[in-house]
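A.B. asks: sequence and predicted model, in that order:
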Amino acid sequence: MTSDVLNLSQDPGVGKTIGLKIGAALTSSIGREHVLETALADLIDNSVGHGASIINIRFQELKGRVTRIRIRDDGSGMDSVALHQAMEMSPDKRENKPHPFSMFGQGLKSSSMSQARVLSVYSSPAARSHVGSRMIREDAGGKLEYGELLPDEARKGFIGYDNENTTGTVIEWSSLDNVSHSGRQAERHRWLSETIVRISNHLGLVFHRFLEAEKIRISIDVLAEESGRPGAPTIVRAINPFSFEGTGHEHFPLTIQKALPKLGRIALECHIIPAHSRSESARIMGQDRSNWQGLYVYWRDRLVHFADWAGLATAKKEYALARVRLELSDGLRDVVTMNPAKKGVVLKPLFANAVSQATDSDGRYTFDQFLKVAGEQLKSSNRRVARTDPLTRVGSGLPNEVVEKIGQTLGWRDAQHSIDVDWAFVPEGQLFKVDLDNRRILLNSRYRVFLSATEENRHEDAPIVRTLLFLLMETFFKGGYLQQKTKDQIAAFQEILAAATEVQLREIAAHEESAMSDRAEKLSNEDFDPTALSRSRAFKADLEPDSPPRKTLDTMQIDFPNRTSPRAAPPPLINSVKKVRLPLPARRQETPEKLPATTALAIATHYRKGKTIGELALEHQVSDRAVALSLAESAFGPTAIEDDPATAFRHGEAWAPYEREKLHALEKIGSPIEAMAAHLGRTAFAVAWKLLDRPKGVDIPNNRLLELRRNLAGEN
């Protein structure tokens, strides 16, 4: 595509060109009322008007710089005649019926020219039929012209990187005016991130009825032109300014109304927000309720005016709980003037006078009385409840339940910013790091195993630690940079939490050492074969040929707790957890009698449905070990239940954090059960039991169940 060419006569993709001489003053004023989010909303009006249900907004980057924005839909598209009329500046010449949201016939041009100097339109009214047009704006000479694209150029532009729609329209902006041109990549990324959030919030608000009814789906993503692949999309969610639960006064909501001869009836639906509500509907975009007081005007289910009284009242803090909804009919368009960008209305004197005379059906409330009641409710609520400061919104890293609870109890400060909480490798000795540029709180992955207490690297593990760090650090993200005093305070927090981490690691090491000593004391009072330990050492040496020579039984001393020698001091911070345990001799545990085929099949079937080993043992009145043996054989085969005398002494021994981490790594690369056991110095059955007993569980293959059914048939 050649959409960056600013001279249509030199563009090889353009055929016939049409000049529009409108003058420098008018050219520079086109779309002046638009900002990026309202310009995009105007284009989505066109998409909805042409029957689109799926709309995508894509920012394309080249070497970290936004080069173009593409808006793609799956609507009915335009043929060459309709496209020609859409590019003209004279709405009176239009022959086709305008779509439901069309007002002046200028939406496509005004919204696009407000953001870019080059507008390209690619459309397909039917499969394998493509038309296109390109418009350029030259402010200096007051020149505006467009050209019809050749069919091949239109087809390429419509398909782009991954457009699979057979019909629809693609609007492409290039030579962009209002994107970040900062020399710092971090600043450009921050601008883009904040812009996507702002766009998502605006579209979620103005199109919330369409989104809630699932008439449309809007997504926003970023595509790197070097790879040709988009990142994960942001799905625009509905933000309904009237979905708060309950009411702030028993008599509200109610409708005050007044009939206007020949124009229709003005009906204002008056709401008072519950004073203590912290829902997203009450605190839209995380902002204070007073910012969202006012009149909300809907035209054909599209929100065209919000959070402003439009002259009916003066915004005051005491009206923070007051919101009024107006459904704008076509008849009232004579007394209500709509902004071309659909981001505000002007009420004519006739309308304002009618509102002053309007009452509810009982004649009890007027508009002024409604405002008075809203102010009284706010005052009484302030006397009873102390205020709390809202927090910066969470982007990712906290469970949904936690995010919802924060929103309900504290609320969100500013939805244009968000904070991510994630894992990353941070220098040893630091539990976390604050990355203000990318708005992230990073936990040290070195401590993930013992902090998360889970065997899986899930995205939202360690929820308590994540939440506490978010609550502790959130206040530092209010500004754009960290002052030295703030950096010193974060460094102090680092030292304090590092000390707490060391204490916890030492407690883990001391607990493991104590548990080992208790087992050793118990075993020292029993008879055991002293050659078992030698066999164990020799077996491990064979498994780890590159490991350093181990002490033999002759040169090694086992220090049991009943001896008088003092216990050694706890080892250093990290080594205390990642030490290699000394295997202790134990008697081999006898394998219980094999379960009947009927029971084995029932256990395997119910395990696949989510039951745990303990639940199955209780249900079938057998031991946990018997259930684990049956499942191990079903999941991994008969080799998983063979007891190895060289490692049998470790049955029942607790799994250290580093062992769980190693087991997870071996499983991730697809190691067989026997190889896992060899690496970990445990029996295959011990490894199988550990895998089976996790929340995630183990998938028992269908062929194993078929084998159990055949065994059952053989018994019968």
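C.D. replies: Received, thanks.
A.B. asks: please make it C-alpha for all contacts and neighbour counts, starting now.
C.D. replies: OK.
A.B. asks: any idea how far stretch 116-124 is from the chain center?
C.D. replies: Stretch 116-124 has its C-alpha centroid displaced from the chain centroid by 31 Å (Cα atoms, centre = their mean, to the nearest Å).
A.B. asks: likewise stretch 678-698?
C.D. replies: For stretch 678-698, the distance to the chain centre is 33 Å (Cα atoms, centre = their mean).
A.B. asks: would you mind giving the secondary structure of residue 710?
C.D. replies: Secondary structure for residue 710, judged by DSSP: H, G, I helix; E, B strand; the rest coil, is helix.
A.B. asks: tell me which helix or strand of this protein sits lowest on mean pLDDT?
C.D. replies: Sorted by mean pLDDT, DSSP states H and E, the helices and strands of the chain end with helix 531-543, the least confident at a mean of 44.
A.B. asks: after it, which helix or strand is next?
C.D. replies: With elements assigned by DSSP states H and E, the helix or strand that comes after helix 531-543 is helix 597-608.
A.B. asks: so what's the gap between that next one and the chain middle?
C.D. replies: Chain-centre distance of helix 597-608: 39 Å, with Cα atoms, centre = their mean.
A.B. asks: list the helices and strands the helix or strand that comes right after that helix packs on?
C.D. replies: Next in sequence after helix 597-608, counting helices and strands by DSSP H and E, comes helix 613-620. With contacts taken as 3 or more Cα pairs under 8 Å, 6 or more residues apart in numbering; DSSP states H and E, helix 613-620 sits against helix 597-608, helix 624-636.
A.B. asks: list the buried residues for helix 613-620?
C.D. replies: Neighbour-count burial for helix 613-620, counted by 16 or more other Cα atoms under 10 Å, picks out 613, 616-617.
A.B. asks: what sits up against that helix?
C.D. replies: Helix 613-620 is contacted from outside by 599, 603, 606-607, 623-624, 626-628, 692-693, using Cα atoms under 8 Å, 6 or more residues apart in numbering.
A.B. asks: cool, stretch 695-702 as well?
C.D. replies: Taking Cα under 8 Å, 6+ apart as the rule, stretch 695-702 contacts 604, 608, 634-635, 691-692.
A.B. asks: now these: which count as buried?
C.D. replies: 604, 634-635, 691-692.
A.B. asks: before we move on, the earlier item: dump the contacts of stretch 695-702 to TSV, plus distance to residue 476 and pLDDT.
C.D. replies: TSV is the format used below for the contacts of stretch 695-702 (distance: Cα to Cα, whole Å; pLDDT from 0 to 100):
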residue	distance to residue 476	pLDDT
604	52	88
608	47	84
634	53	86
635	50	87
691	42	88
692	43	88
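A.B. asks: between those, which sits nearest residue 213?
C.D. replies: Distance to residue 213 across the contacts of stretch 695-702 (Cα to Cα) is lowest for residue 608, with 37.2 Å.
A.B. asks: and the residue lying closest to residue 237 once chain neighbours are set aside, helix, strand or coil?
C.D. replies: Of all residues not flanking residue 237 in the chain, residue 204 sits nearest, at 5.3 Å (Cα to Cα, 6 or more residues apart in numbering). Classification of residue 204 using three-state DSSP returns helix.
A.B. asks: go on, the one 10 residues further on?
C.D. replies: Secondary structure, three-state DSSP: residue 214 is coil.
A.B. asks: distance of it from residue 327?
C.D. replies: Distance of residue 214 to residue 327, given as Cα to Cα, to the nearest Å: 21 Å.
A.B. asks: which of the two has more neighbours?
C.D. replies: Ranked by neighbour count (other Cα atoms under 10 Å), residue 214 and residue 327 place residue 327 first, with 18 against 11.
A.B. asks: residues in contact with the closest residue to that one other than its chain neighbours?
C.D. replies: Distances taken as Cα to Cα, 6+ apart place residue 298 nearest to residue 327, at 5.0 Å, with adjacent residues excluded. Neighbouring residues of residue 298 by Cα under 8 Å, 6+ apart: 304-305, 325-328.
A.B. asks: give me the pLDDT value at residue 298.
C.D. replies: At residue 298, the model reports a pLDDT of 96.
A.B. asks: quick one: it is in a strand?
C.D. replies: Yes: under three-state DSSP, residue 298 falls within a strand.
A.B. asks: outline the domain layout of this structure.
C.D. replies: 8-235, 254-384, 393-482, 485-584, 597-715 (automatic domain parsing).
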